[in-house]
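1. Sharing a sequence plus its predicted fold:
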Amino acid sequence: MTTIQIREATPADAEIIADYNAAMAHETEHLELDRERLLGGVRSILGDPAKGVYWVAESGGRVIGQMMITYEWSDWRNGNFWWIQSVYVHPDFRGQGVFRRIYEHVLERARASSGVCGLRLYVESDNESAQRTYEKMGMTRTRYQMFEDDFVIRR
């Protein structure tokens, strides 16, 4: 079994996080993201904790997985939802509990924070494997559907 450490990402992780984000977009949505824009976005969150945080899984000094958390205020709950985004596990390490380790780390931190009211994520509607994984983690499907008006990525 691989030894996995979970840690908060640093600016030194920006390149690998951008690489993983690009790979995820390609794998899940067949999108080719603009590399400069993507790297700028990763660096922006790594430099501004108010925007969110990246957590990375590391093994043998190598980043093998990641998860980004951003925040959404809920007036109904008087607390923040932590939104799980930019989840990626390197293909060589899938099926080894990497996502579970990151998720459990984030869940533990969220539960320990008095201002957090829950975790949320969105998932590509055709990504049944990811949906099964999230259900195994104890997450439940909501009644909401997502709508957007994206000014950058046109589909």
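-> Okay, I see it. Being a predicted model, the structure only gives us computed values, none of them experimental.
2. Name the helix or strand for residue 7, please.
-> strand 5-8 (DSSP states H and E).
3. hmm, I was thinking of residue 120
-> Counting by DSSP H and E, residue 120 is part of strand 116-121.
4. which residues sit against that strand?
-> 72, 74, 77-85, 87, 106-107, 110, 134, 139, 142 (C-beta atoms under 8 Å, 6 or more residues apart in numbering). Every residue, glycine included, has its C-beta placed from N, CA and C.
5. Pull out the buried members of these.
-> Among those, those scoring as buried are 79-82, 84-85, 87, 106-107, 110, 134, 139 (criterion: 16 or more other C-beta atoms under 10 Å).
6. Looking at the residues you listed, which are in strands?
-> 79-82, 84-85, 87 (DSSP state E).
7. tell me the two of those that are most distant?
-> Across these, the longest distance by C-beta to C-beta is 22.4 Å; it joins 79 and 87.
8. where exactly do the strands run in the protein?
-> 5-8, 53-59, 62-74, 79-89, 116-121.
9. any idea how far residue 135 lies from residue 67?
-> 17 Å (C-beta to C-beta, to the nearest Å).
10. quick one: which of those two has more around it?
-> Taking other C-beta atoms under 10 Å, residue 135 and residue 67 do not tie; residue 67 has more neighbours (23 against 11).
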